[in-house]
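>>> okay, sequence plus prediction incoming.
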Amino acid sequence: AQSVSQHNHHVILSEAASLELGCNYSYGGTVNLFWYVQYPGQHLQLLLKYFSGDPLVKGIKGFEAEFIKSKFSFNLRKPSVQWSDTAEYFCAVNAGGTSYGKLTFGQGTILTVHP
Amino acid sequence: GAGVSQSPSNKVTEKGKDVELRCDPISGHTALYWYRQSLGQGLEFLIYFQGNSAPDKSGLPSDRFSAERTGGSVSTLTIQRTQQEDSAVYLCASSSQGSTEAFFGQGTRLTVV
């Protein structure tokens, strides 16, 4: 069975600091990888996704993530965070080769950005 | 509609009662998913619909949980004889044919007292 591990439960940063949130998955086959964000009081929104090709993917709001197959990792990065990035971030995996979007999620990382 | 709509947004029920949660997916989306978000368990997959069929219901935690989808659109998740451990946020998502990118609703927060 697939599993996803997010390294940090709660990250606290000041504005303009750099961000890296870790995500590792366990699944031996091809995977599709996602990062979702949930802002306070809002629904889950897709930040970025990786299916194939360039392992460095760029998403909305200046976020990017790098797929490192040998490390089974898909870490999320942002060079300079803003107060508005305060949210909970979820890494998710879908087994590649399936025709539907069943996702296995990590436990989530709460990001708090102080102005 | 423009997004996935779920109702009610909040539901408080007494232990032992049955509840129905509703999901209205994005128009034209053939795939529909239910997830549960609870403290300590994170986000868990419950069931997947393609049209009105449920080819994957592997995440339903017990036979008290059931779901149906009619007309390839609205879905209801029913929990019978609710227990306190059923308290969670129930999320619905939908995606278009053949896509693995899911769009989520706001969720229904269920509290069993």
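On my side now, so go ahead.
>>> which residues of chain A fall in helices?
Counting by DSSP state H, chain A forms no helices at all.
>>> residue closest to the middle of it?
Taking CA atoms, centre = their mean as the criterion, A:Trp35 is the residue nearest the geometric centre of chain A, at 3.3 Å.
>>> in chain A, where is pLDDT below threshold?
Scanning chain A for pLDDT under 70 picks out A:96-99.
>>> show me what from it comes close to chain B.
A:32, A:34, A:36, A:42-46, A:49, A:51, A:90, A:92, A:94, A:98-108 (CB under 8 Å from any CB of the partner chain). Yep, even glycine has a C-beta here, placed from its N, CA and C like the rest.
>>> so which of those sit within strands?
A:Asn32, A:Phe34, A:Tyr36, A:Gln45, A:Leu46, A:Lys49, A:Phe90, A:Ala92, A:Asn94, A:Thr104, A:Phe105 (DSSP state E).
>>> ok, now which ones touch residue 19?
Since you didn't name a chain, this refers to chain A. Counting by CB atoms under 8 Å, 6 or more residues apart in numbering or on different chains, A:Leu19 makes contact with A:Val11, A:Leu13, A:Leu76, A:Arg77, A:Lys78, A:Val81, A:Asp85, A:Leu111.
>>> that's the wrong chain, I wanted chain B
B:Lys11, B:Thr13, B:Thr78, B:Ile79, B:Thr82, B:Leu110.
>>> bridging residues for it?
B:Ile79 (DSSP bridges).
>>> hang on, the earlier thing: just send the ones in strands among the residues of chain A next to chain B back as JSON lines, with neighbour count and distance to B:Gly51 too.
Supplementary listing: those in JSON lines, determined by neighbours: other CB atoms under 10 Å in any protein chain shown; distance: CB to CB, whole Å:
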{"residue": "A:Asn32", "neighbour count": "19", "distance to B:Gly51": "22"}
{"residue": "A:Phe34", "neighbour count": "26", "distance to B:Gly51": "24"}
{"residue": "A:Tyr36", "neighbour count": "24", "distance to B:Gly51": "25"}
{"residue": "A:Gln45", "neighbour count": "14", "distance to B:Gly51": "26"}
{"residue": "A:Leu46", "neighbour count": "16", "distance to B:Gly51": "23"}
{"residue": "A:Lys49", "neighbour count": "18", "distance to B:Gly51": "24"}
{"residue": "A:Phe90", "neighbour count": "25", "distance to B:Gly51": "27"}
{"residue": "A:Ala92", "neighbour count": "25", "distance to B:Gly51": "24"}
{"residue": "A:Asn94", "neighbour count": "23", "distance to B:Gly51": "20"}
{"residue": "A:Thr104", "neighbour count": "21", "distance to B:Gly51": "23"}
{"residue": "A:Phe105", "neighbour count": "21", "distance to B:Gly51": "25"}
